[in-house]
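> how would this look folded up:
(one chain, ligands or ions: 1)
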Amino acid sequence: MVVVVFNEDLIAHAHWEGHPESPMRLKSLMKMLEREGLINDHITAVPVTESQLLCVHSQVMIDKVKGGKGIPLDPDTALHEETFDLACLSAGMAVEAVRHALKGEVSIALTRPPGHHAGPDYSCGFCYFNNVAVAAESAGVRTAIVDIDAHHGNGTQDIFYRRKDILYVSVHEEGIFPGTGRLEEVGEGDGEGYNVNIPLPHGAGNDSFKESMERIILPVLRQYRPELLLVSLGIDAHYADRYSTLNLNTDMYLHLCKMLIEVAPGGCIAFILEGGYHLRATAEVVHGIIAHVKGTSSVAEYAEESGENPRAMEYVQRAVDVHSRHWDL
Ligand SMILES: [Zn+2]
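Sure thing, here's the model as predicted:
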């Protein structure tokens with residue numbers, strides 16, 4: 001059973017012409033749903049309320065998104081008439097996916113705008129409200145968030161940095177936006193050890209990502225024993241995507257997602273879409289996840305092996321050394 005949460009209304013969210021986070025991303029995913037015969041099967045959602053947003057964001061920030069029409073939050077994150085409503089709807093899709101995941105149904109929310117760069121009191125990097133964070137709060141259970149977007153989820157990290165009831169794990173490319181996600185950022189106070197960053201170098205490749213999963217992420221998840229697993233599903237680590245150089249191919253993405261589905265407690269897993277700007281590669285990965293859960297096969301068009309930075313395994317080893325202070329790795 002796979003639950004796909006999708007709202008066509010989000011096509012209305014548009015930045016300037018040529019912006020990578022474009023309505024075409026959803027149109028391309030719609031085509032994929034059509035091809036899968038899911039276009040009438042998917043579930044829609046309702047926007048989150050302000051009180052749900054207030055669980056993770058400040059009133060000042062919410063008011064800024066609501067009232068700042070025409071004023072960009074950063075050069076790539078514009079505000080339009082409809083931004084607030086659509087950002088609330090995107091977060092609502094993540095909440096809806098979690099509602100199903102908690103029943104043991106593997107769920108995937110095709111959210112847009114994305115969310116993981118939105119922090120307690122800031123919006124940036126195409127993100128207004130933090131979809132996965134709002135969804136985690138809505139669950140009210142011990143939750144692990146695994147972020148496989150090429151960019152570090154600075155917003156998600158900041159929101160949960162001092163908490164241990166919500167674990168945040170991110171594997172991302174070092175040295176690109178937003179510049180956070182260093183190994184030493186391990187959480188503070190009660191949250192110390194519950195923020196696990198795995199930065200990888202330029203050109204890292206399939207093998208180091210897989211190694212990060214097998215040597216760090218899966219053991220941490222097994223030890224943490226979450227009741228719910230959320231995946232910030234960024235597909236911009238794909239080699240076809242020009243916004244990172246991590247060089248994953250579709251097969252590796254699917255392999256990673258299958259491993260996460262296997263480790264999820266009783267099927268309680270929701271994938272929440274973050275970045276991913278190559279239209280066909282993004283649709284191919286989403287399609288592959290759905291096909292896997294449905295027990296059908298998918299053939300990857302984007303299957304090239306793009307090589308590996310020889311230093312990438314050293315980065316993984318360094319991450320193992322640092323996180324061994326808090327976890328048995
Ligand atoms: Zn990204």
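> how about low-confidence regions in the stretch 51-200 of the chain?
For the stretch 51-200 of the chain, the stretches flagged by pLDDT under 70 are 68-70.
> give me that answer again for 80
By pLDDT under 80, the weakly predicted segments of the stretch 51-200 of the chain are 68-76, 78.
> quick one: secondary structure of residue 313?
helix (DSSP: H, G, I helix; E, B strand; the rest coil).
> now it. Nearest residue, chain neighbours left out?
Counting by CB to CB, 6 or more residues apart in numbering, residue 208 is the residue found nearest to residue 313 once chain neighbours are left out, at 5.8 Å. In this view, the C-beta of every residue, glycine as well, is placed from N, C-alpha and C.
> contacts for the helix or strand encompassing that neighbour next, please.
Assigned by DSSP states H and E, residue 208 falls within helix 206-212. For helix 206-212, the surrounding residues in contact (CB atoms under 8 Å, 6 or more residues apart in numbering) are 148, 171, 198, 200, 237, 246-249, 252, 255-256, 305-306, 308-309, 312-313, 315-316, 319.
> change it to 10 Å
With contact meaning CB atoms under 10 Å, 6 or more residues apart in numbering, helix 206-212 is reached by 148, 169, 171, 198-201, 204, 217-218, 237, 239, 246-249, 251-253, 255-256, 259, 305-317, 319-320.
> which ones among those also lie next to the ion?
For the ion, no contacts are drawn from the contacts of helix 206-212 by CB under 5 Å from the ion.
> and the helices in the stretch 101-250 of the chain, which stretches?
Applying DSSP state H, counting those that start in this stretch to the stretch 101-250 of the chain gives helices spanning 131-139, 154-160, 206-212, 218-224, 250-263.
> then the first one to PDB, C-alphas only?
Output in PDB follows, covering the C-alpha atoms of helix 131-139 (Å, rounded to 0.1, in the frame of the first residue of the first chain):
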ATOM      1  CA  ASN A 131       6.900  21.000   6.000                       C
ATOM      2  CA  VAL A 132       8.700  18.000   7.500                       C
ATOM      3  CA  ALA A 133       9.100  19.800  10.900                       C
ATOM      4  CA  VAL A 134       5.400  20.700  11.000                       C
ATOM      5  CA  ALA A 135       4.500  17.100  10.100                       C
ATOM      6  CA  ALA A 136       6.900  15.700  12.800                       C
ATOM      7  CA  GLU A 137       5.200  17.900  15.400                       C
ATOM      8  CA  SER A 138       1.800  16.800  14.300                       C
ATOM      9  CA  ALA A 139       2.700  13.200  14.900                       C
END
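> can you spell out which helices and strands pack onto that helix?
With contacts taken as 3 or more CB pairs under 10 Å, 6 or more residues apart in numbering; DSSP states H and E, helix 131-139 sits against helix 50-53, helix 83-101, strand 106-109, strand 143-147, helix 154-160, strand 166-173, strand 228-233, strand 269-273.
> is that helix positioned near the ion?
No. Using CB under 5 Å from the ion, helix 131-139 stays clear of the ion, with a minimum separation of 12.9 Å.
> from residue 21, how far off is the closest residue to the ion within the chain?
Closest residue of the chain to the ion, CB to the ion: residue 275 (2.9 Å). Plainly put, residue 275 is 8 Å away from residue 21 if you go by CB to CB, to the nearest Å.
> and the two? Which one has more around it.
More neighbours surround residue 275 than the other of residue 275 and residue 21, with 27 against 20 (other CB atoms under 10 Å).
> which SS class is that one?
Three-state call for residue 275 (three-state DSSP): coil.
> which ones are touching it?
20-21, 25, 114, 116-117, 125-127, 149-151, 232-238, 241, 243-244, 282.
> residue 185 now?
Contacts for residue 185 (CB under 10 Å, 6+ apart) come out as 152, 154, 157-158, 161, 168, 170, 195-197, 199.
> and what of residue 181?
Residue 181 sits next to 147, 151-154, 157, 170-174, 195, 197-199 when contact means CB under 10 Å, 6+ apart.
> and those residues, which two are the farthest apart?
Maximum pairwise distance in the contacts of residue 181, criterion CB to CB, is 17.9 Å, between 173 and 195.
> what about stretch 117-132, how long is it end to end?
10 Å (CA to CA, to the nearest Å).
> buried stuff in that stretch?
Going by neighbour count (16 or more other CB atoms under 10 Å), the buried part of stretch 117-132 is 117-119, 122-132.
> what sits opposite the spatially most central residue of the chain in the beta ladder?
Nearest to the mean C-alpha position of the chain, counting by CA atoms, centre = their mean, stands residue 232 at 1.7 Å. As for beta bridges, residue 232 partners with residue 147, residue 272 under DSSP bridges.
> ok so, going back, which one of the contacts of residue 181 has the most neighbours?
Ranking the contacts of residue 181 using other CB under 10 Å puts residue 153 first, with 34 neighbours.
> ok, and the closest non-adjacent residue to that one?
residue 116 (3.4 Å).
> pretty sure the one you found contacts residue 152?
Yes. Checked against CB atoms under 10 Å, the pair residue 116 and residue 152 is within contact range at 8.4 Å.
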